[in-house]
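[1] Sequence plus predicted model, see below.
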Amino acid sequence: AQSVSQHNHHVILSEAASLELGCNYSYGGTVNLFWYVQYPGQHLQLLLKYFSGDPLVKGIKGFEAEFIKSKFSFNLRKPSVQWSDTAEYFCAVSPSYNTDKLIFGTGTRLQVFP
Amino acid sequence: KAGVTQTPRYLIKTRGQQVTLSCSPISGHRSVSWYQQTPGQGLQFLFEYFSETQRNKGNFPGRFSGRQFSNSRSEMNVSTLELGDSALYLCASTGVTGRSSYEQYFGPGTRLTVT
């Protein structure tokens, strides 16, 4: 069965600090990978996605993620966080043949202090 | 384009009752997926509909059901409510073609509280 692990449940950073959120998945086939963000009181929004090609993916708001196939990982990074990045971040995976069924990780709550 | 809309936004029900939640996808999107979000279990996939047919199903009991209408609007129904069904129910729509075909756009959710 597919599963997604996000090992950091709660991360606290000061503004301008660098961010890396871990995501590992378990699935034997080809996958599509996603990072979603949920700002307080707002909808889930797509930050970035990987389908194929360059394993380094750039998303909105300065976020990027790197797909490392050998490690089954898709870690999210941002070189310098802002207070407005305070939110919950979800990693998700779908089999490449079935993009409509997303399996989500449990989420990482990020708090950024000025 | 209007986003995904869900009604009602909040709902309080009693154990044993049933509930119906509604979702209107983004215009032109034909696939609708439903997820349950709880603090303990996170986001879990319920089911997905495309052209009025259920294409995918998660690991939820038969008390959870859904349907999709010809205009792509979808409803999900939970019968014989249990306390553990208290959750945020999210609906997402996916475009069939074009750039949006591999992105799910989420609605604001319906917050269901079972007492």
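    Sure, I can see it. Fair warning: this is a prediction, and the values are worked out from it, not measured in the lab.
[2] hey, where'd the strands end up in chain B?
    Under the criterion DSSP state E, strands of chain B are mapped to B:5-7, B:10-13, B:19-24, B:31-38, B:42-50, B:53-57, B:64-68, B:74-78, B:87-94, B:104-106, B:110-114.
[3] my bad, chain A
    Under DSSP E, chain A gives strands at A:3-5, A:10-14, A:19-21, A:24-26, A:31-38, A:44-50, A:56-58, A:64-68, A:73-78, A:87-95, A:103-104, A:108-113.
[4] could I get those as CSV with mean neighbour count and distance to chain B?
    In this view, the C-beta of every residue, glycine as well, is placed from N, C-alpha and C. Below are these laid out as CSV (neighbours: other CB atoms under 10 Å in any protein chain shown; distance: least, CB to the nearest CB, whole Å):
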stretch, mean neighbour count, distance to chain B
strand A:3-5, 17, 9
strand A:10-14, 13, 13
strand A:19-21, 19, 15
strand A:24-26, 16, 14
strand A:31-38, 23, 7
strand A:44-50, 20, 4
strand A:56-58, 14, 13
strand A:64-68, 18, 15
strand A:73-78, 20, 15
strand A:87-95, 22, 6
strand A:103-104, 22, 4
strand A:108-113, 16, 11
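[5] ok so, going back, mind putting the strands of chain B in TSV, mean neighbour count and mean pLDDT included?
    Output for the strands of chain B, formatted as TSV (neighbours: other CB atoms under 10 Å in any protein chain shown; pLDDT from 0 to 100):
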stretch	mean neighbour count	mean pLDDT
strand B:5-7	16	97
strand B:10-13	13	98
strand B:19-24	19	98
strand B:31-38	23	95
strand B:42-50	21	94
strand B:53-57	13	92
strand B:64-68	19	97
strand B:74-78	20	98
strand B:87-94	23	95
strand B:104-106	24	91
strand B:110-114	18	98
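[6] Rebuild those strands as TSV, extending it with distance to A:G107.
    Output for the strands of chain B, formatted as TSV (distance: least, CB to CB, whole Å):
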stretch	distance to A:G107
strand B:5-7	20
strand B:10-13	22
strand B:19-24	22
strand B:31-38	9
strand B:42-50	6
strand B:53-57	22
strand B:64-68	22
strand B:74-78	22
strand B:87-94	12
strand B:104-106	14
strand B:110-114	17
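[7] Quick one, which of the ones you listed gets closest to A:F63.
    Checking the strands of chain B against A:F63 by CB to CB gives strand B:104-106 as the closest, at 17.7 Å.
[8] The closest one and chain A, any residue contact?
    Yes. Residues of strand B:104-106 contacting chain A under CB under 8 Å from any CB of the partner chain: B:104-106.
[9] Now do that strand: which elements does it pack against?
    Strand B:104-106 is packed against strand A:44-50, strand B:87-94, with contacts defined by 3 or more CB pairs under 8 Å, 6 or more residues apart in numbering or on different chains; DSSP states H and E.
[10] Is the last one in proximity to chain A?
    Yes. When contact is scored as CB under 8 Å from any CB, part of strand B:87-94 falls within range of chain A: B:90, B:92, B:94.
[11] Quick check: bridge partners of the second one?
    This means B:A92. Counting by DSSP bridges, B:A92 forms beta bridges with B:S33, B:F106.
[12] Outside of stretch B:69-81 itself, list whatever touches it.
    B:13-25, B:29-30, B:32, B:34, B:46-47, B:49, B:52, B:63-68, B:85, B:89, B:91, B:93, B:112, B:114 (CB atoms under 8 Å, 6 or more residues apart in numbering or on different chains).
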